[in-house]
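Visitor: Show me the folded form of this:
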Amino acid sequence: MPAAPAGLRDDTIGGRISLARDAMGMTVEQISSVVGVTTETWTNWENDRSEPRANRLDMLARILQISIAWLIDGQGKGPLEAK
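Guide: Model (predicted):
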């Protein structure tokens, strides 16, 4: 299935997590290893089945090179799209 356009993917925290990971060019396996969670946990975040705990938001924002505000509500610095 093709990826949804950015405008449709960034309306939930899971969509923004997925968009930021894609912009970093990392797989779920790679990013979950860096963050220290299981691939199942990461996939649940991206699919809005669960959300990262508050204590992980700062770490995620730093790793994904986005602002916490954008991660939480789509405002502020989002990912730079890979060219």
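
Visitor: contacting residues for Asp11?
Guide: Gly74 (C-beta atoms under 8 Å, 6 or more residues apart in numbering). Heads up, the C-betas are built off the backbone N, CA and C, glycines and all.

Visitor: What about the closest residue to Met24 other than its chain neighbours, how many residues nearby?
Guide: Excluding its sequence neighbours, the residue lying closest to Met24 (C-beta to C-beta, 6 or more residues apart in numbering) is Leu64, at 6.2 Å. Close neighbours of Leu64, defined as other C-beta atoms under 10 Å, add up to 23.

Visitor: Measure how buried Leu60 is and give me the count.
Guide: 21.

Visitor: how about it, phi and psi?
Guide: phi -60, psi -40 (degrees, to the nearest 10).

Visitor: which ones are touching the residue positioned nearest the centre of the chain?
Guide: The chain has Ile17 as the residue nearest its centroid, 1.3 Å off, counting by C-alpha atoms, centre = their mean. Each residue near Ile17 by C-beta under 8 Å, 6+ apart is listed here: Trp45, Glu46, Pro52, Leu60, Leu64, Leu71.

Visitor: Now, those that are in strands?
Guide: Here DSSP state E is the test, and the contacts of Ile17 give no hits in strands at all.

Visitor: How much space separates the residue nearest to Met24 from Gly36?
Guide: Distance from Leu64 to Gly36, counting by C-beta to C-beta, to the nearest Å: 14 Å.

Visitor: Then Ser67?
Guide: Taking C-beta to C-beta, one finds Ser67 at 21 Å from Gly36.

Visitor: would a markdown table of the contacts of Ile17 with pLDDT and distance to Lys77 be doable?
Guide: Shown next, in a markdown table, are the contacts of Ile17 (pLDDT from 0 to 100; distance: C-beta to C-beta, whole Å):
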| residue | pLDDT | distance to Lys77 |
| --- | --- | --- |
| Trp45 | 97 | 19 |
| Glu46 | 97 | 20 |
| Pro52 | 95 | 18 |
| Leu60 | 95 | 14 |
| Leu64 | 93 | 11 |
| Leu71 | 93 | 10 |
